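Student: Quick one: sequence plus predicted model below, questions after.
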Amino acid sequence: MKETDVKKKAFAMPLTSPAYPIGPYRFYHREFLIITYRTDPQKLRELVPEPLQVEEPLVKFEFIRMPDSTGFGDYTESGQVIPVTLNGKKGGYSHCMFLNDHPPIAGGRELWGFPKKLAQPTLRAEIDTLVGTIDYGPVRIATGTMGYKHKAADLGPVMASLQAPNFLLKIIPHVDGTPRICEIVEYYLEDIDLKGAWTGPVALNLAYHALAPVAELPVLEVVSGIHIIADITLGLGKVVHDYLA
C-alpha cells in the first residue's frame, strides 16, 4: 500500500478494517434514566480538571439504552456526568463511562475522548419500575431505580439540558508514554427529536470498586430523576483548551 493510500484511508484502526465507520452517528429511540444527586464538594473539585469549574456539588448518574445507533449497533451505557462551567458557559463534564460494545468504546475514546471502559450496564422496565444497573465483571457497582412514567415532565427544560454543551478530557499518549494529546473537547447533541420525558420517585445505590470507583463521589442526597426518550445525532467535537499548547 502506497503512502498516499495510507493517508487517504486512515481515520481509525485497524487501517484495513476500522473498529467503527465514519459518522455521522444517529441514535434512534435513545432512552435515558438520569439521577441527579448531591455529593461531597471537596471530592468533586479534586476530580474535575481546570479550567472547568464546579458551582454546585452535584453529579448526574446516567443509564442510557441505545437499541439502534448507526455504526455502533445495539448497546447500553452508564456513567457519571458533573455539571460544570467553562468561561461562564454551563455544561456537563463526563467523569466516567461504562458500556458493553467495542465500536463505541474505541470510537468514543479516539474521536472525542469519552472516558469509556468495558462493563455490563443495563436499563429496563421491571413491572412498575425503571431499573438501571452496572456490573463491572461479577461486581454490581451501581443500581438506579425510578417509578415508571409517574408524571410527565416539562419538555422545555429537558430539551435545554440536551442542547447544553458537553465537555471531555481527551488524552492520547505518545509512543514513549508521555501525553501527545491532552485537551478539553466540547461537543453537542444535534438534531434532537424529543419523544417524551417523565419523572417519579427515584433512588441510587453505589458500591466501591478498585477499577470502577463510582462511589468515590458518594450519594449524600438524591435530588431528582428524569426518564427521557429521544432521537439524537452525536455531533463531533472541537478543542476548547489545550494543556500542551
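Tutor: Noted; the coordinates are in hand.
Student: isn't T122 right up against L130?
Tutor: No - counting by C-beta atoms under 8 Å, T122 does not reach L130; the two are 11.0 Å apart. Every C-beta, even on glycine, is put in place using the N, C-alpha and C of the backbone.
Student: Counting neighbours, go ahead and name the busier of those two.
Tutor: L130 (23 against 15; other C-beta atoms under 10 Å).
Student: What does the more buried one show for phi and psi?
Tutor: Main-chain torsions, L130, degrees, to the nearest 10: phi -90, psi 120.
Student: Likewise for G23?
Tutor: The phi/psi pair for G23 (degrees, to the nearest 10) is phi -70, psi -170.
Student: my guess is it meets L234, correct?
Tutor: Yes - using C-beta under 8 Å, G23 is in contact with L234, at 7.5 Å.
Student: Sketch out the low-pLDDT regions of this structure for me.
Tutor: For the chain, no stretch has pLDDT under 70.
Student: what's the longest helix in it?
Tutor: Assignment by DSSP state H gives helix 155-163 as the longest helix of the chain.
Student: Same question for that one: list its buried residues.
Tutor: V158, S161, L162 (16 or more other C-beta atoms under 10 Å).
Student: Just put those in a markdown table and tack on distance to V84.
Tutor: Below are those laid out as a markdown table (distance: C-beta to C-beta, whole Å):
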| residue | distance to V84 |
| --- | --- |
| V158 | 20 |
| S161 | 14 |
| L162 | 17 |
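Student: Nearest to Y208 among those?
Tutor: S161 (29.2 Å; C-beta to C-beta).
Student: State the distance from that closest one to L44.
Tutor: 19 Å (C-beta to C-beta, to the nearest Å).
Student: just G235 next, same as before
Tutor: With distances taken as C-beta to C-beta, G235 is found 27 Å from L44.
Student: Compare those two and say which is more crowded by neighbours.
Tutor: L44 (21 against 17).
Student: how close does that one sit to G88?
Tutor: L44 is 19 Å from G88, by C-beta to C-beta.
Student: do the same with H29
Tutor: Computed as C-beta to C-beta, the H29 to G88 distance reads 35 Å.
Student: Right, I'll leave it there.
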